[in-house]
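Trainee: Turn this into a model:
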Amino acid sequence: MIKTMLRTLILFSPIFMYSNSYAQSFETNSVESVHNSENSKAMNDAVFSIFKNYRAGGQGRNISKVNQTKIANYDFTNAIIGSINRDNIGIIGDNYQRLIMKINQVQVDPKDNTKYHVSGRSQVKQNITEFEGVMNLESVYLYNRFDYGVDEEYRDKGLKEQGFAVFDYQLNEDRKQKYSGIFTGKLYAKWYLTDDGVMHYDFINYYTDSYFNNLYYGTWREYGSAQSKVATWADYKLPQEVAPDLNIGAGAFSPNPKYFKYGWADYRFNAF
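Mentor: Just a heads-up that it's a prediction; the model follows:
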């Protein structure tokens, strides 16, 4: 009972509502961000700041960047593939048209440990398209303090390192399928490493209102077109910086009725 009460108090505390309040300080609209490089950079800076300033135990944390020569020592396969069977929230275009993305296979390049070959499926409306692509590990950041979760339940799990990684990605949809194109952008992924050498998808604070992970922020361009659209998705939620008024839920994700006609009226957990 005490543990349940403590968990409830923490879930509604300012600590775990941090990312929502942090979002208030940004006015850049994600829809407009693809139209010029200045806005695009501002949005990517904002997304990076979400991960950089992620707090633990009510206290701020510092980050340090891993030396570029050492990042090939990490294997982020589990962190990327950890999105399988998570609730996926994604948008494409100016009206937050619902986008569902599922990566179902990840393989490290045998000649380059910083390159990951992936495949999966995308869905917009009733159009489901296969894709294949590459994710290149750009940088790795370590937090100076661990986040052990509520009641420090992960303190005895052997955490050795904890941080986030940034990847550049390009996902190429099957040209033979209708309305296909290319997704490009950056993936921001939270992870932790245990003392047995195993890399984990960071699911520690999944029950908090502000939790999300594996945020893909970028664009989609149809084959043969020079115009791009915002295309972004993440596990469980999109932060307010990216989609300011899409989510109106107090706890779990709940789509704004103004976007129901863009694929959100029948929103439910998806795992196609």
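Trainee: Low-confidence stretches in the protein?
Mentor: Residue ranges of the chain with pLDDT under 70: 1-38, 57-58, 269-272.
Trainee: for the protein, longest strand please?
Mentor: Residue-count comparison of every strand in the chain, with assignments taken from DSSP state E, identifies strand 127-143 as the longest.
Trainee: Could you tell me which strands sit next to the helix or strand just after that one in the sheet, and their orientation?
Mentor: Scanning the chain past strand 127-143 towards its C-terminal end, the next helix or strand to appear is strand 159-173 (assignment: DSSP states H and E). Neighbouring strands of strand 159-173 in its sheet, by DSSP bridges, are strand 127-143 (antiparallel), strand 181-194 (antiparallel).
Trainee: winner for burial among these?
Mentor: Scoring the strands paired with strand 159-173 by mean neighbour count under mean count of other CB atoms under 10 Å gives strand 181-194 as the most buried, with a mean of 22. Any C-beta I mention is one placed from the backbone N, CA and C, and that applies to glycine too.
Trainee: Can you show me the CA trace of the top helix by length along the chain as CSV?
Mentor: Secondary structure of the chain per DSSP state H: the longest helix is helix 37-52. C-alpha atoms of helix 37-52 as CSV (Å, rounded to 0.1, in the frame of the first residue of the first chain):
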residue,chain,number,x,y,z
SER,A,37,16.9,25.0,-42.1
GLU,A,38,16.8,27.5,-39.2
ASN,A,39,13.5,26.1,-37.9
SER,A,40,14.7,22.6,-38.5
LYS,A,41,17.8,23.2,-36.4
ALA,A,42,15.8,24.8,-33.7
MET,A,43,13.5,21.8,-33.4
ASN,A,44,16.4,19.3,-33.4
ASP,A,45,18.0,21.5,-30.7
ALA,A,46,14.8,21.4,-28.7
VAL,A,47,14.5,17.6,-29.0
PHE,A,48,18.1,17.1,-28.0
SER,A,49,17.5,19.3,-24.9
ILE,A,50,14.7,17.1,-23.8
PHE,A,51,17.1,14.2,-23.5
LYS,A,52,20.0,16.3,-22.2
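Trainee: That one - contacts with which helices or strands?
Mentor: In this structure, helix 37-52 makes packing contacts with helix 18-23, strand 181-194, strand 213-222, judged by 3 or more CB pairs under 8 Å, 6 or more residues apart in numbering; DSSP states H and E.
Trainee: okay, the last one in PDB with CA atoms only?
Mentor: So that's strand 213-222. Taking C-alpha atoms only, strand 213-222 is exported to PDB below (Å, rounded to 0.1, in the frame of the first residue of the first chain):
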ATOM      1  CA  ASN A 213      11.400   6.700 -25.900                       C
ATOM      2  CA  ASN A 214      13.000   6.200 -29.300                       C
ATOM      3  CA  LEU A 215      11.900   9.500 -30.800                       C
ATOM      4  CA  TYR A 216      12.400   9.700 -34.600                       C
ATOM      5  CA  TYR A 217      12.300  13.300 -35.700                       C
ATOM      6  CA  GLY A 218      12.600  14.100 -39.500                       C
ATOM      7  CA  THR A 219      10.800  14.300 -42.800                       C
ATOM      8  CA  TRP A 220       9.200  12.100 -45.500                       C
ATOM      9  CA  ARG A 221       9.500  12.800 -49.200                       C
ATOM     10  CA  GLU A 222       7.600  10.900 -51.800                       C
END
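Trainee: Need the CA coordinates for the helix or strand following that strand. PDB is fine.
Mentor: Towards the C-terminus, the helix or strand next in line after strand 213-222, according to DSSP H and E, is strand 229-235. As requested, the backbone C-alpha atoms of strand 229-235 are provided in PDB (Å, rounded to 0.1, in the frame of the first residue of the first chain):
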ATOM      1  CA  LYS A 229       6.600  16.700 -44.900                       C
ATOM      2  CA  VAL A 230       7.200  16.400 -41.200                       C
ATOM      3  CA  ALA A 231       7.300  12.800 -40.200                       C
ATOM      4  CA  THR A 232       8.000  12.000 -36.500                       C
ATOM      5  CA  TRP A 233       7.100   9.100 -34.200                       C
ATOM      6  CA  ALA A 234       8.000   7.800 -30.700                       C
ATOM      7  CA  ASP A 235       7.000   5.100 -28.200                       C
END
